[in-house]
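Colleague: Dropping a prediction and its sequence here:
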Amino acid sequence: MPKLYIFGIGGTGSRVIRSLTMLLAAGATVENCDKVVPIIIDPDAQNGDMTRTVELLKTYERLRKQLRPAPSPGEFFATEVQTLAGMAASENQPRDARVKETFAYNFGGMDESYRDFLHYDDMPVESRYLTDLLFTPANLSSKLTVGFKGSPNVGSVVLNQLMTSPELEFFANSFAEGDRIFFISSIFGGTGAAGFPLLLKNLRDPRTKLPRAELLNTAPIGALTVLPYFNLLADDGSAIDSNAFITKTKAAMSYYQQNLQKLNSLYYLGDQSTGQLANHEGGTRQQNNAHFIELVGALAVLDFMRQPADYLTNNQPLHYEYGLEEDTRQVNFKALDPGQTFRHVARPLTQLQLLALWCRHHLPHTQEAPYANHLQLPRAWRDEDFYQQLQRLLQDPQFGFEAWLRELQTTERAFVPFEDPALSTEHLNRVVNGQPTPTGFFNKGLTRDYLRGELNKALPKAVASADGPAAFIHAFSEVLGKAVAEKIPGM
Amino acid sequence: MFQQLFTSLYEALLGLPEPALLTQAFENSIFPGVGLATLFGIALLGALFFYLVLNRVLTTPFYQTKHWLVMLLVLAIAAGALGWFQARSVVYEVLDAKGIVIPAGSESAYSRYVLGFSFVNALFGALFFVLWSFVVKGLSPNAKVTPIRWPN
């Protein structure tokens, strides 16, 4: 069973993985793999973006585990997502107690200064002079608690501990023929800019001490590097200055040009920004609203996985950029290129939006219907873990799907594919922005009664071959997929 | 067969018709006629309308137990009205045929049994609708668990 290991490095890595998880929940297909294993690397253990993504991934994993049989490709939650430790357990590999059952690499709580990390005071004097040449006093005195604060020169030293960590050894031991690796990072931050080339260099090093080196050296590896797409308010109290983002980007790219070897595919993404976000160095307050760029970044992962392995190997390095069909600050589905992005994003996200709207506005009013009765929904919705996790994934105000959509509307390049959910409390004819469902005297469109009738027909067949949660997912995937294809024009 | 059946059913609750001169009219005409009309015309058609028209051919919001109860009430009232008007019509026809004029102030003696009959027919209308519901509801994808899930 081929796997995809995704290293999400730094805040941008976490945010892109969040968008990817939403696409997977919606049923977007990850080709050439049966399982996705996200590994988030961020020394800032309290990072708001990271903790939010980890909660989302945990919810997805818990929910997905309860679907027996597993959903078919294209259905909601079709892709399995597991932690590194959990993945090995499910494949009967020996456990390593040092590797925790979590999606985030454990840095063990670094609350010392960089100076102490380097054991500066114990260095010979020549080494101290070299250190003073490479790092500013601010770098040296900076606490590592909240990461590297936009200083990849610090990150590239600290992150070396990754290479001798039990997690990376465990990852290498689990790596098999056919598996792939994808890195997600920003080029203008501290953790991502440092971590990505470091990991790549070590995985491709023929003299690496990691197990299965020959497989790692030749495995398909892709990467997304995100160029600046937001600015921060100027703050003298913060070590991060977004005016330096472009300079850092140029420096990093000149390094990549010379030193990024044996990468199969590299995806570049960025956007011009005039707006400014609050300047938080890290911790729980570093929690930016979801951005359209991150959703596009998630598409890079799917695109990488669509390529056959030998195409990646024979044509490396492949470089990709992205462009909208229409350069607009209010992006809806019509602004996406119809050949690729629209096909991969529009229908799955619309189906997931319909599911979210149904669960919030229509399920409470249809609990006496046969489909609800088959699933014992009034009680199950309240008491069963699967439905609790589903409600969290859709409705949690921190990391849920509805919150993610709301955040996407607030950024400078807003993603507004859907109309106000308040318009969908009685019927669902105005879900997709700019694509309302036509109605007439004899045709009421996409109504609650229409969907209820279709669910009533679909559930008995689903329940006959699957238990409650799997039947729920199968029936809703089928009915909502049909509704989107038949009732929403342009889909 | 139907005559005996319905006669037994109605007389089990109402007793013998009053006054006695109307016994034959009730047993030969009113009981079987109204009974059949209630069983097939009101109850069965009502069940078919609720389960197959409203909740199979169409997909209407009227599938819940409360809607079924409203249907039950309406059909009971219709059955009661059928019993009242049909029984009164036949009774007066019989009295006219026999040349009997009801003395003033004595109408209640004739109306009392008819009124009782119409209430009993309303009950039977409701009961027949419930029975037909269990027969027909499996054919309705949108209301097959109305009013209860069994036997689906």
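Modeller: Perfect, I can see it now.

Colleague: would you say A:Leu357 is within a helix?
Modeller: Yes - according to DSSP: H, G, I helix; E, B strand; the rest coil, A:Leu357 belongs to a helix.

Colleague: first to last residue in stretch A:19-38, what's the distance?
Modeller: One end of stretch A:19-38 to the other measures 13 Å (CA to CA, to the nearest Å).

Colleague: Once you drop chain neighbours, what's closest to whichever residue of chain B sits closest to chain A?
Modeller: Of all residues in chain B, the one sitting closest to chain A is B:Thr59 (3.7 Å; CB to the nearest CB). Where you see a C-beta, it was placed from the backbone N, CA and C, and this is true even at glycine. Spatial nearest neighbour of B:Thr59, chain neighbours left out: A:Gly453 (3.7 Å); criterion: CB to CB, 6 or more residues apart in numbering or on different chains.

Colleague: Which residues are in contact with that neighbour?
Modeller: When contacts are counted by CB atoms under 8 Å, 6 or more residues apart in numbering or on different chains, A:Gly453 touches B:Thr59, B:Pro141, B:Asn142.

Colleague: and with 10 Å instead?
Modeller: For A:Gly453, the contact set (CB atoms under 10 Å, 6 or more residues apart in numbering or on different chains) comprises A:369-371, A:447, A:479, B:55-56, B:58-60, B:63, B:141-142.

Colleague: Please, which helix or strand holds it?
Modeller: helix A:448-465 (DSSP states H and E).

Colleague: Report the buried residues of that helix.
Modeller: Neighbour-count burial for helix A:448-465 flags A:448-460, A:462-463 (criterion: 16 or more other CB atoms under 10 Å in any protein chain shown).

Colleague: Which single one of these is nearest to B:Tyr110?
Modeller: Minimum distance to B:Tyr110 across these is 49.7 Å, recorded for A:Asp449 (CB to CB).

Colleague: Does A:Asp49 touch A:Thr12 like I think?
Modeller: Yes - the criterion here is CB atoms under 10 Å, and A:Asp49 meets it with A:Thr12 at 8.3 Å.

Colleague: More neighbours: which of the two?
Modeller: In terms of neighbours (other CB atoms under 10 Å in any protein chain shown), A:Thr12 is the more surrounded of A:Asp49 and A:Thr12; the figures are 29 against 26.

Colleague: In which helix or strand does that one reside?
Modeller: Assigned by DSSP H and E, A:Thr12 falls in helix A:10-26.

Colleague: Report the angle between the next helix or strand after that helix and helix A:10-26.
Modeller: Next helix or strand after helix A:10-26 toward the C-terminus (DSSP H and E): strand A:35-41. Between strand A:35-41 and helix A:10-26, the angle comes out at 160 degrees (axes from the mean of the first three to the mean of the last three CA atoms, to 10 degrees).

Colleague: tell me which residues of strand A:35-41 are tucked away?
Modeller: For strand A:35-41, burial by neighbour count (16+ other CB under 10 Å) applies to A:Lys35, A:Val36, A:Val37, A:Pro38, A:Ile39, A:Ile40, A:Ile41.

Colleague: export the residues you listed to TSV and tack on pLDDT and distance to chain B?
Modeller: Below are the buried residues of strand A:35-41 laid out as TSV (pLDDT from 0 to 100; distance: CB to the nearest CB, whole Å):
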residue	pLDDT	distance to chain B
A:Lys35	94	37
A:Val36	97	37
A:Val37	96	42
A:Pro38	97	41
A:Ile39	95	47
A:Ile40	94	45
A:Ile41	92	51
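
Colleague: follow-up on the earlier one: hang on, isn't the residue of chain B closest to chain A packed against A:Thr366?
Modeller: No - taking contacts as CB under 10 Å, B:Thr59 lies outside contact range of A:Thr366: 11.6 Å.

Colleague: Pull up the overlap in contacts between the two.
Modeller: Overlap of the contact sets of B:Thr59 and A:Thr366 (by CB under 10 Å, 6+ apart) consists of A:Arg448, A:Asp449, A:Leu451, A:Arg452, A:Asn456.

Colleague: Run through these and flag the ones next to chain B.
Modeller: By CB under 10 Å from any CB of the partner chain, the members of the shared contacts of B:Thr59 and A:Thr366 lying near chain B are A:Arg448, A:Asp449, A:Leu451, A:Arg452, A:Asn456.

Colleague: The last one contacts B:Asn55, correct?
Modeller: Yes - A:Asn456 is in contact with B:Asn55 according to CB under 10 Å; the separation is 9.0 Å.

Colleague: Report the set of residues contacting both of those two.
Modeller: Contact criterion CB under 10 Å, 6+ apart; residues shared by A:Asn456 and B:Asn55: A:Pro370, B:Tyr63, B:Ser140, B:Pro141, B:Asn142, B:Ala143, B:Lys144.
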